[in-house]
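>>> here's a sequence, model it:
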Amino acid sequence: MSIRQLLQQLAQNIRWTWTPAASALFARIHPALWESSNHNPLAVLHAATEADLQRAFSDPEALASLESQVEQLHAYLGRAHTWLHENAPDLRRGLVAYFCAEFGMHESLPLYSGGLGVLAGDHIKTASDLGIPFVGIGLKYPEGYFQQSIDADGMQNEAFPGTNWTTIPAHLVARGGKPICVDVPLADRTIYAHVWKMQVGRSTLYLLDTNVAENNAEDRGIGGRLYSGGSETRIRQEIVLGIGGVRLLRALGLDPTVYHLNEGHCAFAAFELMRERRVMGDSYEQALDWIRPRMLFTTHTPVPAGHDRFAPDLVQVMLWRQQQAIGIDWHTFLGLGRVNPWDMNETFCMTVLALKTTGQCNAVSRLHGEVSREMWADLWPNWNVNDIPIGYVTNGIHAETFMHPMLRDMLDTRFGGRWQHALHSNSEWAQLISEISDQEIVQMKRMLKRQMFESFRTRLHAMRDKFGPDVDWSMGALANWRTDTLTIGFARRFATYKRGDMFFADMERAIAMLTDADRPVQLVFAGKAHPKDMPGKEMIQRVVKAARNPRIQGRVIFLENYDMSIARAMISGVDVWLNTPRRPREASGTSGQKVNMHAGVNVSILDGWWAEGYNGQNGFAIGDEIVPHDPAEHDRRDTAFLWEVMDNAVLPEYYAESVGGTSEVWVRRMRASMTTLPAQFSTRRMLADYVKQYYLPMHQYAANQR
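The predicted model follows:
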């Protein structure tokens, strides 16, 4: 087999996104193109000549590494004994269909906007690792999510350059030489969608594409951009995702035993499943009773305003054919999406539809479960709020995706495959970390920090080249950054409740802390605001303007166009991960979970996952669990707590007397973070919870009913 054929095998299965040794093979072919293509193997391979490939693999060790990686891929795909085989063998005869509007698996695969998508990507990868029969259902976005640039005034600008799908490891699904075409009833017409297939290790992701010749121009653009357009565009996308997703499964001959709806965008799947049962002769009540035990709904949004709602007349225009096929009146149909079915003015809520049609529901952290039960209590009148059937599975991260190659090499060399197995057990993971010395942890952290700075320089050069010498704050900032200076990271979606500019609420105090001669601080920010979220954009602008303030002496930088590549650099190198949401509005959050395995320390409001993870030794809590009713007072209180924890805990510990450059008390904090948190907040634990609490019982019920 030729070098190109071997590389093609690796590139076509995106397991390379969590296999650093495989991606490194493409980087060696053309390092500059690897960077400029956003680390895209197929882009590199398509551009490479035969001479390029021969040169890159002329070294026998490099060629042996390539052959080894292909062998390892095949061994992984063919492995018979997986976690599932040992822990839930019955589920091997089932199938989980996982619906989600976005899947974040790599920076070169533009199918995500933020945390929901990255969580979905981690979910499908871990399903592959554990051997769970699993298919993902999503939409193919020709233009993806927007590309962010920061202008000379510090304001976010958006561009949609489009995606070259010839360099994406996905292909059209065909039968008899023709693409499979899924028909979806929408308003007074039928729209059509082709199906694209992406291999994610052992799992498969299917993407619906409406940009086909059979559709008119308007319908071809339904799936053009992620989370863009008004209500009409949004409901069309969600009809294609939900109704079209079920029809996609049928077109492929797939009959899942578990339907997992990840967030309310997918809830129209329930209507299609009901329609199928009605065609088979069930009454409406029987159809509803049939689908509920087979459907799981995961809610991610802890505030009512964040849930998709549509005007009743828009629902009637778009879904009248589905309503007729199910054979129920409009009052009943619309009532499935209303808290109060008798309120004719209430909008149609996708979360309510999901809650009323699924038999199981979970939030994504313990605190979020409490919030969700209170938020939707009106759906269960006369119930004790603690008995409302909304459970929780706390989110986690796919460690292999976000683990720095340096750390992975250390773990592979010392522990072999034991470290991955240990992620299922807090005690086993703690035992492994106890075998790594303090000196090794400190040395690793310094090297990760240096590599992070080098990554920043590459990106900041691009920003300076774009705007010219008038915007020279970027490179000037990084020139004076030091590895022995406390470095704080803040990177996430710039929604106002996340309060990304809290550090600058008192500018004089911020400047004094950043420029303190004895205890200086360095801050790196990244993140996007939704294009229509002007307050979020203005928050970014305030951070950027603070970074350009000459009195700050270049100790703050903002990296534009936040993506998974920037995330990996930041979470591996920063000393502190700052998280300042307005409690309890952070459903879970996962960005801070990624720093722990790199010996980073969280400084966070006690919200989402941190309310479960914090134990007093493995990081720092900002404030307490009290939530003032007045948002302004809430913000003032939390800002005061932030300064208190920085002044009285974080800075004194980091800059305490040390031997070898890092204080002993800070090393203890690093070790506690690295020891107690990665296993508890891994997707291996998360998927094990889903299997035990939901997937396996749901599959067993469905299998017994066949």
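
>>> so what's Tyr690 closest to, chain neighbours aside?
Computed as C-beta to C-beta, 6 or more residues apart in numbering, the closest residue to Tyr690 that is not its neighbour in sequence is Val393, at 5.8 Å. For the C-beta atoms, the positions are set from N, CA and C on the backbone; glycine is no exception.

>>> low-scoring stretches of the stretch 451-600 of the chain, by residue?
462-477 (pLDDT under 70).

>>> show me where it has strands.
With DSSP state E, counting those that start in this stretch as the criterion, the stretch 451-600 of the chain has strands at 486-491, 521-526, 556-559, 576-579.

>>> a markdown table for the ones you listed, including distance to Tyr655 and mean neighbour count?
A markdown table is the format used below for the strands of the stretch 451-600 of the chain (distance: least, C-beta to C-beta, whole Å; neighbours: other C-beta atoms under 10 Å):
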| stretch | distance to Tyr655 | mean neighbour count |
| --- | --- | --- |
| strand 486-491 | 7 | 24 |
| strand 521-526 | 10 | 25 |
| strand 556-559 | 19 | 25 |
| strand 576-579 | 13 | 25 |
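
>>> Serialize these to CSV and add fields for distance to Ile137.
CSV is the format used below for those (distance: least, C-beta to C-beta, whole Å):
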stretch, distance to Ile137
strand 486-491, 29
strand 521-526, 30
strand 556-559, 33
strand 576-579, 31
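
>>> returning to that earlier point: isn't the residue nearest to Tyr690 up against Val364?
Yes: Val393 is within contact range of Val364, at 6.8 Å (criterion: C-beta atoms under 8 Å).

>>> list the residues that contact both of those two?
Common neighbours of Val393 and Val364 (criterion: C-beta atoms under 8 Å, 6 or more residues apart in numbering): Thr298.

>>> after the longest strand seen in the chain, heading C-terminal, what element do we hit next?
Identified as the longest strand of the chain according to DSSP state E is strand 189-200. Counting by DSSP states H and E, the next helix or strand C-terminal to strand 189-200 is strand 203-209.

>>> and that next one, C-alpha only, in PDB?
Taking C-alpha atoms only, strand 203-209 is exported to PDB below (Å, rounded to 0.1, in the frame of the first residue of the first chain):
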ATOM      1  CA  SER A 203     -19.200   5.700  15.900                       C
ATOM      2  CA  THR A 204     -20.900   7.300  12.900                       C
ATOM      3  CA  LEU A 205     -22.100  10.800  12.400                       C
ATOM      4  CA  TYR A 206     -24.800  11.500   9.800                       C
ATOM      5  CA  LEU A 207     -25.400  15.000   8.500                       C
ATOM      6  CA  LEU A 208     -28.500  16.200   6.600                       C
ATOM      7  CA  ASP A 209     -27.800  18.500   3.700                       C
END
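
>>> to the chain's geometric centre, what's the distance from the helix or strand that comes right after it?
Next helix or strand after strand 203-209 toward the C-terminus (DSSP H and E): helix 217-220. Helix 217-220 sits 29 Å away from the centroid of its parent chain (C-alpha atoms, centre = their mean, to the nearest Å).

>>> so what touches helix 217-220?
Contact with helix 217-220 is made by 186, 189, 191, 210-212, 236, as judged by C-beta under 8 Å, 6+ apart.

>>> buried residues in that helix?
219-220 (16 or more other C-beta atoms under 10 Å).

>>> which strands and helices sit next to the helix or strand just after that helix?
Moving toward the C-terminus from helix 217-220, the next helix or strand (DSSP H and E) is helix 231-239. Here helix 231-239 touches strand 181-186, strand 309-310, helix 312-326, going by 3 or more C-beta pairs under 8 Å, 6 or more residues apart in numbering; DSSP states H and E.

>>> would you list the ones you listed in a markdown table and tack on mean neighbour count and mean pLDDT?
Converted to a markdown table, the helices and strands packed on helix 231-239 look like this (neighbours: other C-beta atoms under 10 Å; pLDDT from 0 to 100):
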| stretch | mean neighbour count | mean pLDDT |
| --- | --- | --- |
| strand 181-186 | 20 | 97 |
| strand 309-310 | 18 | 96 |
| helix 312-326 | 17 | 97 |
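
>>> which of the ones you listed sits closest to Ala24?
strand 181-186 (38.2 Å; C-beta to C-beta).

>>> could you check how many residues crowd around Cys199?
Let me fix one detail, which is that residue 199 is Gln and not Cys. For Gln199, the count of nearby residues is 17 (other C-beta atoms under 10 Å).

>>> for it, what are its contacts?
So Gln199 contacts 12-14, 169, 205 (C-beta under 8 Å, 6+ apart).

>>> measure the nearest residue to Glu143 once chain neighbours are set aside to Asp209 for me?
Distances taken as C-beta to C-beta, 6+ apart put Phe160 closest to Glu143, at 4.3 Å, once the chain neighbours are dropped. Relative to Asp209, Phe160 is positioned 17 Å away (C-beta to C-beta, to the nearest Å).
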